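Trainee: Here is my input; please provide its structure:
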Amino acid sequence: MKNKMFTRTALSAGLLMVLAGCASQEQADTWQPDQTYKLTILHTNDHHGRFWHNRDGEYGMAARKSLLDDLREAVAEEGGTSLLLSGGDINTGVPESDLQDAEPDFKGMNMLGYDAMALGNHEFDNPLEVLRKQEGWANFPMLSANIYDKATGKRLFQPYQIFERQGIKIAVIGLTTEDTAKIGNPEYIGGIEFRDPKAEAKAVIAELKATEKPDLIIAATHMGHYANGKHGVNAPGDVALARYLEPGDLDMIVGGHSQEPVCMEGPNMANPSFNPGDDCKPDQQNGTWIVQAHEWGKYVGRADFEFRNGELNMVSYDLIPVNLKKKIKLADGQSEKVFIEQEIPQDPTVKAFLTPYQERGQAKLNIKIAQSNGKLEGDRHVVRFQQTNLGRLIAASHMQRAKADFAVMNSGGVRDSIPAGDITYKDVLKVQPFGNMVTYTDMTGAEVLDYLGAVATKPVDSGAYAQFYGVTMDIRDGKVSNVKIGGKALVPSQTYRFTVPSFNAAGGDGYPKLADHAGYVNTGFVDAEVLKDYLEANSPINVHAFEPNGEIVYR
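Mentor: Residues are numbered from 1 along each chain as shown. Just a heads-up that it's a prediction; the model follows:
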């Protein structure tokens, strides 16, 4: 591993005095004064169903297992111990996993030796009974202190877990973004309350200090890292959490949700040019280290600490790529993908365990259903900022199935792009993994204008940003005008039919709730099946026919 030395005290001076004062009393039987202990925190986040490596042999749980074994062995040789934590979102993203309720992923995590995880928002993409089944599969706690049952007012999940390493008592608290209430499926979370994680953390920390008296407190969170606390339309994340608490209350945040490598180039300044293999300096706010390891198991984060007399110092940090590759140019002008660092072998036991799950999924999914003459654009950093050919194609498929006049599609429901060439059912399910239903609503033109005013003005860089098909409009200062449907000006007294995913019809992403409208119909058609049928019927797909052409104008 690289040697990246930068030492910071993560506990406030006041707390250090308290801990030092207690050392001879409460902790005499645990850690010893004037002795240095080595502690390593290993972490991943936003797994999203990637139990298997991709087509280029990148990441995958079998290779991650080999890496983790090597890291633990190295830590042990140095006289240290470790914890392995996840920042959540194990569910949703790869069809082979989704169709099996992430069974290979949770059972694979057991084999990799995870100690605890935070519950992510995508753990609520399925009915609660599926999550309870996943809890049964997991040999580690799935933590969240801020999720409550509305009916009873009690927590639905374990708020924290206590670990002991070399006599050091470590509390790990789980926290989940409040935005789950907005971006989770309303059909599954109607009885669940997602409280302010900052306030819950403060209360739990006070409880821990009074009862468990831990030496260290770590938060495993799924809240997102937003540099300098600038969270925009998102709920406050890890930086806001660290700043909200008293200095020294929280030693470390192992985060997720924003799906980025948290590597800083200066105070409150993220490093936008981080590449695999580069040095990475994590964020520090108010005495709290904040880490995040991008997504999908592409990296394992390694934070090495020294603990002495109640004081915690980080001595090195690394984001270790898991078989990530880069393109290089060959002498003949061709390009080739090569490993950025030495290839990590796949653990044979884990690979053998996961192989049947992969094969069962592949048998159903790797069937060609269509082909296209170009890329259908669904990349997160494009589709949440502008109209794209894939967003519009999905909307067109819904519109056709429901015999509607126009269609609205939330960009958060577009989870991937489809490359040019052959299109398989797997490609479809990667784009639309949530199993939402196509709904339609019959409304007067006056009602439609109000509805478009609410959804067409949703901000970019959020899943609420809407893709449209069959409608044109101008948007200025939060209002819509010059609305045309089917090329004709909207008539307030005329009735129109439009489609929207059931997620949004139920109020997801903050859209107006339609389920109680007299003209609302849930068609019962699953979105992925509708898209699959549309692609099959219209193959070969001319991607250019779905390119935006000034239909939606922001002024």
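Trainee: how far away is the residue nearest to residue 393 when sequence neighbours are not counted from residue 523?
Mentor: Across the structure, with C-beta to C-beta, 6 or more residues apart in numbering as the measure, the residue nearest residue 393 apart from its sequence neighbours is residue 546 (4.6 Å). Heads up, the C-betas are built off the backbone N, CA and C, glycines and all. For residue 546, the distance to residue 523 (C-beta to C-beta, to the nearest Å) stands at 22 Å.
Trainee: one step back: run a quick neighbour tally on the residue nearest to residue 393.
Mentor: As a burial measure, residue 546 scores 21 neighbours (other C-beta atoms under 10 Å).
Trainee: Check residue 267 too.
Mentor: Number of residues near residue 267 (other C-beta under 10 Å) recorded here: 10.
Trainee: Ok, the one 10 residues further on next?
Mentor: For residue 277, the neighbour count with other C-beta under 10 Å is 15.
Trainee: mind listing what it touches?
Mentor: Going by C-beta atoms under 8 Å, 6 or more residues apart in numbering, residue 277 touches 321, 340-341.
Trainee: of those residues, closest to residue 191?
Mentor: Closest to residue 191 out of the contacts of residue 277 is residue 321 (41.3 Å), distances taken as C-beta to C-beta.
Trainee: beta partners of the closest one?
Mentor: Here residue 321 sits in beta bridges with residue 299, as judged by DSSP bridges.
Trainee: next one: residue 314
Mentor: When bridges are assigned using DSSP bridges, the partners listed for residue 314 are residue 305.
Trainee: Surely it is in contact with residue 301?
Mentor: No: when contacts are counted by C-beta atoms under 8 Å, residue 314 is not listed as touching residue 301 (11.9 Å).
Trainee: and residue 240, helix, strand or coil?
Mentor: State at residue 240, reduced to three classes by DSSP: H, G, I helix; E, B strand; the rest coil: helix.
Trainee: Please read the previous query as pertaining to residue 134.
Mentor: Following three-state DSSP, the label given to residue 134 is helix.
Trainee: measure it to residue 474 for me?
Mentor: The spacing between residue 134 and residue 474, counted by C-beta to C-beta, is 46 Å.
Trainee: the more surrounded of these two?
Mentor: Ranked by neighbour count (other C-beta under 10 Å), residue 134 and residue 474 place residue 134 first, with 20 against 14.
Trainee: tell me the contacts of that one?
Mentor: Contacts for residue 134 (C-beta under 8 Å, 6+ apart) come out as 90-91, 101-103, 106, 123, 142.
Trainee: Tell me the spacing between residue 202 and residue 254.
Mentor: Going from residue 202 to residue 254 by C-beta to C-beta gives 18 Å.
Trainee: do residue 92 as well
Mentor: Distance, residue 92 to residue 254, using C-beta to C-beta: 20 Å.
Trainee: Just want to know which of these two has more residues nearby.
Mentor: Legend: neighbour count by other C-beta under 10 Å for residue 92 and residue 254, higher for residue 254 (32 against 22).
Trainee: any idea how far the more buried one lies from residue 220?
Mentor: Look at residue 254 and residue 220: by C-beta to C-beta, they are 5 Å apart.
Trainee: which residues do the two both contact?
Mentor: With the criterion set as C-beta under 8 Å, 6+ apart, the overlap between the contacts of residue 254 and residue 220 is 85-87, 118.
Trainee: Present the residues you listed as JSON lines; the columns should include neighbour count, secondary structure and pLDDT.
Mentor: As requested, these are arranged in JSON lines below (neighbours: other C-beta atoms under 10 Å; DSSP: H, G, I helix; E, B strand; the rest coil; pLDDT from 0 to 100):
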{"residue": "85", "neighbour count": "28", "secondary structure": "strand", "pLDDT": "98"}
{"residue": "86", "neighbour count": "30", "secondary structure": "strand", "pLDDT": "98"}
{"residue": "87", "neighbour count": "33", "secondary structure": "coil", "pLDDT": "98"}
{"residue": "118", "neighbour count": "33", "secondary structure": "strand", "pLDDT": "98"}
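Trainee: Output those in a markdown table, with distance to residue 430 appended to each entry.
Mentor: Converted to a markdown table, those look like this (distance: C-beta to C-beta, whole Å):
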| residue | distance to residue 430 |
| --- | --- |
| 85 | 27 |
| 86 | 22 |
| 87 | 22 |
| 118 | 24 |
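Trainee: Identify the residue nearest the geometric centre of the chain.
Mentor: Closest to where the C-alpha atoms of the chain average out (C-alpha atoms, centre = their mean) is residue 257, at 3.9 Å.
Trainee: Now do the same contact list for the closest residue to that one other than its chain neighbours.
Mentor: Residue nearest to residue 257 in three dimensions, not counting chain neighbours: residue 224, with 4.0 Å by C-beta to C-beta, 6+ apart. By C-beta under 8 Å, 6+ apart, the contact list for residue 224 reads 177, 231, 234-235, 237-238, 255-258.
Trainee: Between which two of the residues you listed is the distance greatest?
Mentor: By the measure C-beta to C-beta, 231 and 256 form the most distant pair in these, at 14.7 Å.
Trainee: Could you check which of those two has the larger neighbour count?
Mentor: Remark: of residue 231 and residue 256, residue 256 carries more neighbours, 33 against 19, as counted by other C-beta under 10 Å.
Trainee: ok, back up a step: most neighbours, which of the contacts of residue 277?
Mentor: Ranked by neighbour count (other C-beta under 10 Å), these have residue 321 at the top, with 23 neighbours.
Trainee: For that residue, give its distance to residue 453.
Mentor: With distances defined as C-beta to C-beta, the gap from residue 321 to residue 453 amounts to 46 Å.
Trainee: can you check residue 528 too?
Mentor: 30 Å.
Trainee: quick one, which of these two is more surrounded?
Mentor: For residue 528 against residue 453, the residue with the higher neighbour count under other C-beta under 10 Å is residue 528, and the figures read 21 against 17.
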